[in-house]
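[1] need a structure here:
(chains A and B)
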Amino acid sequence: MFNRNVTAHTSAERSVLQLHRLNKIFNANTPLQNHVLHDISLQVSPGELVALIGTSGSGKSTLLNMMGLLDVSTSGELRIQGHLVQGMSEQQRTQLRSESIGFVFQFHHLISAFSVLDNVLMPLMLRFGKPSKLQSEYAQHLLNEVGLAKYKAQPTSRLSGGQQQRVAIARALVTQPALVLADEPTGNLDTQTADEVFTLFEHFNAEHQCAIVIVTHDPRLSARCPRTIRLTDGRIVYDGPSAELPSLLTTPL
Amino acid sequence: MLSVNPLARFGQSLWIEWRIALRFLADNPLQTFLISVAISVGAAVIVFITALIMGLQSNTIDKTLGTQAHIRIEAARQHNILSPKGKNQYLWVLESPRAQRLQTINNWQEVRDALDQYGVLNTVSPLISGPAFAQNGTARASIALMGIDPSRYGGIIQLPDYLLQGRFSVGAGDVMIGHQLAEDLGLRIGDKLRLDAGDNRQAVTKVVGIFELGVRELDSRYVYTDLKQAQTLLNLPGGVTILELKLNDVFAAEHWAQRFKKLTGLHVQSWMETNSQLLNALSSQSMTTQMIRVFVALSVIFGIASVLAVSVVQRTREVGILRAMGASQQQILRVFLLQGGLLGLAGSVLGVLVGYSLVQLFNTMSDLLFVIQLEPSMLLSAIFISTAAGVIAAAVPARRAAHYDPAVAIRYV
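    Here you go, the predicted structure:
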């Protein structure tokens, strides 16, 4: 017991994200009980780019919500940058989320009542209030990197789907998070736009040294990530280099 | 984690909540406009009705009390005194009530001086009042002889304001009479008037003033003279029958009447007792207004609540996004509370303006009746209460938004 704690601590220092025997059961102890995640254990180190794949219903999104502190596990341990999440209050989880995690969703999810620049600044404004000059400049710098600097004052509804997703990526990075979680960020885009958006992820991964976990259905994109984790029925069936990912046909289910 | 001064942090974080609340309201201009109009109609109704009823009531009270003292102190009523009965004795009595002859208040000067010490009293005015006949030639009229102390009586009825002709003067044979009596007896300023209080006590006086109090009963019966003349005529040398009091606070009359009764043992009546019917009417009127106000306020509150309930559902996904971006439950709560408060504020400011215009319109249209006074404090409190009501109305929807499960909310389409 003592020994395990020590290992957990030392490895936590290296990891952005560490999961130990995480389980999620929806509607526990009712006839509708649904065991979605089984004993998930994994680690993500700083600067890693990880693809999370699996068929729909395999628990990818639930796992991502868990990592993003949007949902709580039924049992097991989850550490973000060494902070044990289990036992935290809602307020502490919110603070940890706002400091360490950036999100990109499938349907970009910008807030249409605000301009492009305000959307990028939103995580900072929620945390610090009125943005400083430095913060505004950084947000504009990010918009510049995603190639949308000239749209900063526009309402988000003027942008195309790919452009909106790029705004969402800039927004996820504005707090300089240690971990970015992306839930099928290209699922709604055509192939060419998807490639462009994915290139941005690679760019920021290299440039900002933030760990990125991407849920994707697209085998072309997961192949571009150095590491792939495959979920089947709530269990990890593969976790290793993408290049060595066995084909679905040969994977024992 | 960051160490920022918590107060500065609170102020800073409210900044974004203001911003989101305002943007959300501006993002749905039709909805915001419609509910603001609904709130402003409610606020306008409340302001106008309140002002109207307050104006009406203060006008009625002013008119009633303009020709009346707030408290009248008279000598104690006279009762038959029965001999005490012994043990095992029964007394069967058939008694006639005592006739209440005109009676002076004992030591009235001392009572007056004692009452003068009370800060709540505006005026203490001695009066001797009794029945008499007025005669001009062969015309006779029954009158109420009012012997007053002219230096004090002004605090009870501001007689000079009511004079139609002549001047304010009593004593040295001068009297002032009501215009109805003047008409009945055919009197003009300067005419002689014979007063007869019975038992051959008569005096010939000179009419120096004719007044109109606006109450027919008083205008046809009141004859004002000074204390000394009335005392002689009514055969109460040195006496007064009534001490009339005016208070600074009209509605404290009953309270002080009870106190003075215990203090002096005299017969004390407040205007509220003598005008209990009027007071009843006024208080039921107030209750009706109160009810109208409560129900209008309730409908406004439920209006805001229902609009925000819909808005919260419409914004489910945005709430989920904001939560994922690091917004706390408290921040979401405050965003919607602010929206409720802002709607209440905007609606009530508009409503107060409309209510104010309605009152001004009323004042110019019906200048004959009375003028409604609008207290700025009333307008401010209407705005304040509406804003608070908006925040309260927002409480339930805001709590709901704050407790959305972000993982579910974010997938809401």
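[2] going forward, measure contacts between C-alpha atoms and count neighbours the same way
    Noted.
[3] surely residue B:105 is in a strand?
    No. Looking at residue B:105 with DSSP: H, G, I helix; E, B strand; the rest coil, it is coil, so not inside a strand.
[4] can you get me a residue count around it?
    21 (other Cα atoms under 10 Å in any protein chain shown).
[5] and residue B:203, helix, strand or coil?
    strand.
[6] how much space between it and residue B:340?
    Distance of residue B:203 to residue B:340, given as Cα to Cα, to the nearest Å: 76 Å.
[7] repeat that for residue A:179.
    On the measure of Cα to Cα, residue A:179 and residue B:340 end up 36 Å apart.
[8] next one: residue B:288
    From residue B:288 to residue B:340 the distance is 28 Å (Cα to Cα).
[9] who's more crowded, those two?
    residue B:340 (30 against 13).
[10] who's in contact with the more buried one?
    B:304, B:305, B:308, B:387, B:390, B:391, B:392, B:393, B:394 (Cα atoms under 8 Å, 6 or more residues apart in numbering or on different chains).
[11] report the two of those residues separated the most.
    B:308 and B:387 (14.5 Å; Cα to Cα).
[12] more crowded one of the two?
    Between residue B:308 and residue B:387, residue B:308 has the larger neighbour count (other Cα under 10 Å), namely 26 against 23.
[13] sticking with the more buried one, tell me its helix or strand.
    helix B:276-314 (DSSP states H and E).
[14] re earlier: want to try a markdown table for the contacts of residue B:340, with distance to residue B:402 and pLDDT as columns?
    Output for the contacts of residue B:340, formatted as a markdown table (distance: Cα to Cα, whole Å; pLDDT from 0 to 100):
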| residue | distance to residue B:402 | pLDDT |
| --- | --- | --- |
| B:304 | 18 | 86 |
| B:305 | 15 | 89 |
| B:308 | 13 | 88 |
| B:387 | 21 | 89 |
| B:390 | 17 | 89 |
| B:391 | 15 | 91 |
| B:392 | 15 | 91 |
| B:393 | 15 | 90 |
| B:394 | 12 | 91 |
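[15] what about chain A: which of those residues touch it?
    Applying Cα under 8 Å from any Cα of the partner chain, the subset of the contacts of residue B:340 adjacent to chain A is empty.
[16] give me the PyMOL select line for those, limited to the buried ones.
    With 16 or more other Cα atoms under 10 Å in any protein chain shown as the criterion, this PyMOL line picks the buried residues out of the contacts of residue B:340:
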select buried, chain B and resi 304+305+308+387+390+391+392+393+394
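[17] closest to residue A:174 among the contacts of residue B:340?
    Nearest member of the contacts of residue B:340 to residue A:174, counting by Cα to Cα, is residue B:308, at 31.2 Å.
[18] pretty sure the closest one sits against residue B:394.
    Yes. Counting by Cα atoms under 8 Å, residue B:308 does reach residue B:394; the two are 6.5 Å apart.
[19] overlap in contacts of those two?
    B:336, B:340.
[20] so what would you say the end-to-end distance of stretch B:174-185 is?
    End-to-end distance of stretch B:174-185: 17 Å, with Cα to Cα as the criterion.
[21] and if you look at stretch B:73-93?
    31 Å.
[22] before we move on, what about stretch B:237-245?
    22 Å.
[23] who touches it?
    B:69-75, B:102-106, B:108, B:112, B:121-129, B:156, B:227-228, B:231.
[24] from residue A:24, how far off is the closest residue to residue A:231 other than its chain neighbours?
    Residue nearest to residue A:231 in three dimensions, not counting chain neighbours: residue A:54, with 4.9 Å by Cα to Cα, 6 or more residues apart in numbering or on different chains. Per Cα to Cα, residue A:54 is found 17 Å from residue A:24.
[25] next one: residue B:113
    Residue B:113 is 89 Å from residue A:24, by Cα to Cα.
[26] quick check on the closest residue to chain B within the stretch 151-253 of chain A: phi, psi?
    Closest residue of the stretch 151-253 of chain A to chain B, Cα to the nearest Cα: residue A:172 (8.1 Å). Note on residue A:172: its backbone torsions stand at phi -60, psi -30 [degrees, to the nearest 10].
[27] please name the residues that touch it.
    Contacts of residue A:172 (Cα under 8 Å, 6+ apart): A:101, A:102, A:103, A:104, A:120, A:180.
[28] okay, now the first one: neighbour count?
    When you say that, I think you mean residue A:101. Neighbour tally, residue A:101, other Cα under 10 Å: 27.
[29] and residue A:29, by the same measure?
    9.
[30] which residue comes closest to residue A:106 once chain neighbours are left out?
    Counting by Cα to Cα, 6+ apart, the residue nearest residue A:106 is residue A:185, at 4.5 Å.
[31] same check, this time on residue B:261
    residue B:268 (5.5 Å).
[32] could you look up the SS state of the nearest residue to residue B:297 once chain neighbours are set aside?
    Excluding the flanking residues, the one nearest residue B:297 by Cα to Cα, 6+ apart is residue B:42, at 6.9 Å. Look at residue B:42: counting by three-state DSSP, its state is helix.
[33] got it, and residue B:396?
    Once three-state DSSP is applied, residue B:396 turns out helix.
[34] ok so residue A:39 is a strand residue?
    Yes. Assessed with three-state DSSP, residue A:39 lies in a strand.
[35] okay, now it: neighbour count?
    Quick note: residue A:39 (other Cα under 10 Å) scores 16 neighbours.
[36] what residues are up against it?
    A:20, A:21, A:22, A:23, A:76, A:235.
[37] and if we set it to 10 Å?
    A:19, A:20, A:21, A:22, A:23, A:24, A:75, A:76, A:234, A:235, A:236 (Cα atoms under 10 Å, 6 or more residues apart in numbering or on different chains).
[38] for the chain, what spans make up the strands?
    Picking chain A for this. A:17-26, A:34-44, A:49-53, A:75-80, A:83-84, A:101-104, A:179-183, A:211-215, A:227-232, A:235-241 (DSSP state E).
[39] try chain B instead
    B:71-74, B:121-136, B:139-148, B:163-166, B:174-178, B:192-196, B:202-211, B:222-226, B:242-247, B:267-270.
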